[in-house]
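A.B. asks: mind looking at a prediction? Sequence and model below.
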Amino acid sequence: MAFDKMELRDIEVWDGNFAAAQALRQCQVDVVSAYPITPSTPIVEGYAKFKSDNYVEGEFVMVESEHAAMSGCIGAAAAGGRVATATSSQGLALMSETLYQASGMRLPIVLNIVNRALAAPLNVNGDHSDMYMVRDSGWIQFDAFCPQEAYDLNFIAFKVAEDHDVRTPAIVNQDGFMTSHTAQGVHTMDDDTAFGFVGEYKPMNDMLDFEHPVTHGVQTEEDWHFEHKARQHNDMMTVVPAKIDAAFAEFEKLTGRKYNQVEQYDMDDADVAVVCMGTSVETAREVAKEMREKGIKAGVVGIRVFRPFPFMAIADALKDVKAVAALDRSAPGGTAGALFNEIAGSLFNTDSKMLLSGYIYGLGGRDLTKKHLVDLYTELQANADAGKLLTKQQQYIGVRGPKLAYL
Amino acid sequence: MLEIRWHSRAGQGAVTGAKGLADVISTTGKHVQAFAFYGSAKRGAAMTAYNRVNDEIIMNHEKYMEPDYVFVIDPALVYTSDVTINGKESTKYIITTHMSTDELIASQPKLAGKEVYTVDCIKIAQETIGRPIPNTPMLGAFMKISGMYDIEFFKESMQRILGKLPQKIIDANMIAIQRAYDEVK
């Protein structure tokens, strides 16, 4: 059965959800098994419409829950197809058991997570609690800061995940509403160029290859479990980072758009820096430029690849900075923020004397304003000038009520 | 940077209007952003949508905005929402109402001293499109007040954006855009 190609303009005005849906179409995903949840629904809805309009040759499987959605993806991936889905928040929470199945079975599924707060209290708006919840699930995690990147990173995710030396599923994160429902100009690839980048799906150990019978999802108990998990981790630490860099390089050659595991902006001579993820990276970039006009050497570090965590690269990016803020858009539930801990860990056994402070911000979609960031850079500069932290190590940005600080 | 805030009720087409405007502007080489505050608002609930336009790529993702233009596409929102919030001295207001600008300001003193334009987008939409969807007429009024583009160029661009709708509806929208352009005061 042949499918139709779609004519796209060089720049389309798309929101992050539609950009991701277009990428799934251009990758000619074989199976999408999905259950709707705000704000990710338009991604799978988009794929379903492309399929019914004959723009994609594939199957859309409607299931009864997110747990079943990922189970369907696992079955289809084990059978030997290119597979994707999307979810958010509570949907991801319900799906989380099966995420560990997918990564343990080394099935290269691509999952778009449109980041949203976790209840209670119920809230459909964007924060990173869902992203953080599955950070140790054995999936590669990319993070998009705007709709263009939600489009681009889907292609890169398939490319890396399906590599026969990787065979590990990948998540593409984008901020709920701030990216998913924000329309901006997106530079497109034509259908042939886009498909050419990911290429035909090459199955490995597929269950529908009856000449070579295989077993998926076996029970190992104490005898082999550890070796499987050690190998999975070993590949994340030693194989995946180089494959990601190779995919980034090939994508740059094709489109001119360059990605890095750790994105650095105005960092060459920075005295103070903010480390964050999602749309906040771009807002901070704009504020850093404005701070420089006021004489504060401000920079921004964006985490493009959250797993495998670019431990050495982040240490390298921050080693000469005097004061750094780690911004976590998730409630840590009784400890320092996850990014604070990751960054602290990466710099602990180095000579860096950098002053690190952590901030919890933006929960449930609370706005991160440019004014907040101006105040933050000013506070970091004061720390740098004093040569010590003038605040506690953990504070909030943008929460109402009396000032709270810990650690 | 040009910034616009829309006041609307969910279902009146503010998001479609904001995205349509962004699409038209994008074709002229400028950078655009269109977004909205939804919450879990249901049809009929008050909501806001936003546009940003700039010559350089737009990286600001804050929701906070001090708009250059405020569009109000439902007449009652002037009384139930604060449409002047975070306004500047130079902010221009284009408001859907059956009243004259003077009558409107008399009925909502918060608008006194501000640059206010009025046009009855609801009536125009009902008489042309046959449904009270005031988004495209508001854009016609905006073209008049801002002088952003020639109205013929704007209508041609909107024809492409509305392309999937039946021709009868597209034609009605073109008349609605032109009428609002001519009638806004």
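C.D. replies: Received the coordinates, thanks. Numbering: from 1, shown residues only, chains lettered A, B, ... in the order given.

A.B. asks: confidence score at the residue nearest to B:T96 when sequence neighbours are not counted?
C.D. replies: When the adjacent residues along the chain are set aside, B:T96 lies closest to B:C121, with 4.2 Å between them (C-beta to C-beta, 6 or more residues apart in numbering or on different chains). Yep, even glycine has a C-beta here, placed from its N, CA and C like the rest. On the pLDDT scale, B:C121 is placed at 97.

A.B. asks: what about B:C121, how many neighbours?
C.D. replies: Here the count is done by other C-beta atoms under 10 Å in any protein chain shown, and B:C121 has 33 residues near it.

A.B. asks: with A:L254 instead?
C.D. replies: 14.

A.B. asks: returning to that earlier point: go ahead and confirm the residue nearest to B:T96 touches B:R131.
C.D. replies: No - using C-beta atoms under 8 Å, B:C121 is not in contact with B:R131; the gap is 12.0 Å.

A.B. asks: that older thread, ok, so what distance separates the residue nearest to B:T96 from chain A?
C.D. replies: B:C121 sits 22 Å away from chain A, going by C-beta to the nearest C-beta, to the nearest Å.

A.B. asks: which SSE is A:L327 in?
C.D. replies: Assigned by DSSP states H and E, A:L327 falls within strand A:323-328.

A.B. asks: who does that strand pair with, and is each partner parallel or antiparallel?
C.D. replies: For strand A:323-328, the paired strands and their directions (DSSP bridges) are strand A:272-276 (parallel), strand A:355-361 (parallel).

A.B. asks: could I have the CA atoms of it written out in PDB?
C.D. replies: C-alpha atoms of strand A:323-328 as PDB (Å, rounded to 0.1, in the frame of the first residue of the first chain):
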ATOM      1  CA  ALA A 323      28.500  30.800  41.100                       C
ATOM      2  CA  VAL A 324      25.900  28.500  39.600                       C
ATOM      3  CA  ALA A 325      22.200  28.000  40.200                       C
ATOM      4  CA  ALA A 326      20.600  24.600  39.600                       C
ATOM      5  CA  LEU A 327      17.000  25.100  38.600                       C
ATOM      6  CA  ASP A 328      14.700  22.100  39.300                       C
END
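
A.B. asks: could you check how far it is from the centre of its chain?
C.D. replies: 19 Å (C-alpha atoms, centre = their mean, to the nearest Å).

A.B. asks: for stretch B:176-185, same thing?
C.D. replies: So, by C-alpha atoms, centre = their mean, the centroid of stretch B:176-185 is 12 Å from its chain's centroid.

A.B. asks: let's test this: mean pLDDT of that stretch, rounded?
C.D. replies: 97.

A.B. asks: quick one, domains of chain A?
C.D. replies: What automatic domain parsing lists as the domains of chain A is A:11-255, A:264-406.

A.B. asks: so, low pLDDT: which residues of the chain?
C.D. replies: Just going to use chain A. A:1 (pLDDT under 70).

A.B. asks: wrong chain, I was asking about chain B
C.D. replies: B:39-41.

A.B. asks: repeat that with 80
C.D. replies: Applying pLDDT under 80 to chain B flags residues B:38-41.

A.B. asks: picking that back up, contacting residues around the strand holding A:L327?
C.D. replies: Residues outside strand A:323-328 that contact it (C-beta atoms under 8 Å, 6 or more residues apart in numbering or on different chains): A:128, A:132, A:271-277, A:280, A:318, A:337-340, A:343, A:354-361, A:376, A:379-381, A:383-384, A:397.

A.B. asks: tell me the phi and psi of A:L8?
C.D. replies: For A:L8, the backbone dihedrals are phi -120, psi 150 (criterion: degrees, to the nearest 10).

A.B. asks: okay, now it: neighbour count?
C.D. replies: A:L8 has 17 nearby residues by other C-beta under 10 Å.

A.B. asks: OK, contacts around it?
C.D. replies: Contacts of A:L8 (C-beta under 8 Å, 6+ apart): A:22, A:188, A:190-191.

A.B. asks: now it: how far from chain B?
C.D. replies: 13 Å.

A.B. asks: A:K322 now?
C.D. replies: From A:K322 to chain B the distance is 25 Å (C-beta to the nearest C-beta).

A.B. asks: where's the nearest residue to A:D163 once chain neighbours are set aside, which helix or strand?
C.D. replies: Spatially, and ignoring its direct neighbours in sequence, A:D163 is nearest to A:K243 (5.4 Å; C-beta to C-beta, 6+ apart). A:K243 is part of helix A:240-255, with elements assigned from DSSP H and E.

A.B. asks: in that helix, which residues are buried?
C.D. replies: Buried residues in helix A:240-255, counting neighbours by 16 or more other C-beta atoms under 10 Å in any protein chain shown, are found at A:240-241, A:243-244, A:247-248, A:251, A:255.

A.B. asks: within range of chain B, give me the residues from the stretch 1-150 of chain A.
C.D. replies: A:11, A:13, A:15, A:38, A:124-125, A:146 (C-beta under 8 Å from any C-beta of the partner chain).

A.B. asks: let's see it at 6 Å
C.D. replies: Applying C-beta under 6 Å from any C-beta of the partner chain, one finds that the stretch 1-150 of chain A approaches chain B through A:13, A:124.

A.B. asks: next SSE after the strand holding A:L327?
C.D. replies: Counting by DSSP H and E, what follows strand A:323-328 is helix A:338-348.

A.B. asks: show residues contacting that next one.
C.D. replies: A:132, A:309, A:311, A:314-315, A:326, A:328, A:356, A:358 (C-beta atoms under 6 Å, 6 or more residues apart in numbering or on different chains).

A.B. asks: three-state assignment of B:Y149?
C.D. replies: coil (DSSP: H, G, I helix; E, B strand; the rest coil).

A.B. asks: identify the residue nearest it in space, chain neighbours excluded?
C.D. replies: Closest to B:Y149 by C-beta to C-beta, 6+ apart is B:M143, at 6.0 Å.

A.B. asks: hmm, B:I151 and the one you found touching each other?
C.D. replies: Yes - between B:M143 and B:I151 there is a contact under C-beta atoms under 6 Å: 5.4 Å.

A.B. asks: joint contacts of those two?
C.D. replies: B:Y181.

A.B. asks: who's more crowded, those two?
C.D. replies: B:M143 (23 against 16).

A.B. asks: now the more buried one, what's its secondary structure?
C.D. replies: helix.

A.B. asks: what about A:Q101, how many neighbours?
C.D. replies: By other C-beta under 10 Å, neighbour count at A:Q101 equals 17.

A.B. asks: how about it, what does it touch?
C.D. replies: Applying C-beta under 6 Å, 6+ apart, the residues near A:Q101 are A:I74.
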